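1. Okay, predicted coordinates and the sequence, questions at the end:
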Amino acid sequence: MSIYVGNLSYQVAEDDLKQAFGEYGTVKRIQLPTDRETGRVRGFAFVEMGTEAEEATAIEALDGAEWMGRDLKVNKAKPREERGSSGGGGGGWGGGDNRSRDRRF
């Protein structure tokens, strides 16, 4: 399992996160997503710690803490939802309510 870290400063770097979370245990991996077009950090990250106990300690210590001028949102990361092969919602019907899917033309 990993930790979701939100409301990050756009100036944050992986080394900053490694140092901050390293105070609570072993940091195994950091994912710091960037915007495809601008290359800028998107304001959130995922941190994987060595053990569940280290994750719990880091979450308890850092959730709501002020860091780099921002109040962090730190919690257990939720599993990523599977995306269908359609590539977007609505099933090709243009969104709206589902009643239009029942019509026959």
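-> Everything's here; your move.
2. how about the strands in the protein?
-> Along the chain, the stretches classed as strands by DSSP state E are 3-6, 27-31, 44-49, 66-67, 70-71, 73-76.
3. and stretch 27-37, how far apart are its ends?
-> Start-to-end span of stretch 27-37 (CA to CA, to the nearest Å) is 29 Å.
4. Name the nearest residue to residue 6, sequence neighbours excluded.
-> residue 73 (3.8 Å; CB to CB, 6 or more residues apart in numbering). Where C-beta positions appear, they are placed from N, C-alpha and C, glycine not excepted.
5. Looks like that neighbour contacts residue 7 (just checking).
-> Yes: Residue 73 lies in contact with residue 7 (CB atoms under 8 Å); the separation is 4.9 Å.
6. Residues in contact with stretch 11-29: which ones?
-> Residues outside stretch 11-29 that contact it (CB atoms under 8 Å, 6 or more residues apart in numbering) are 2-3, 5, 30, 32, 41, 45, 47-51, 53-55, 57-58, 61-62, 67-68.
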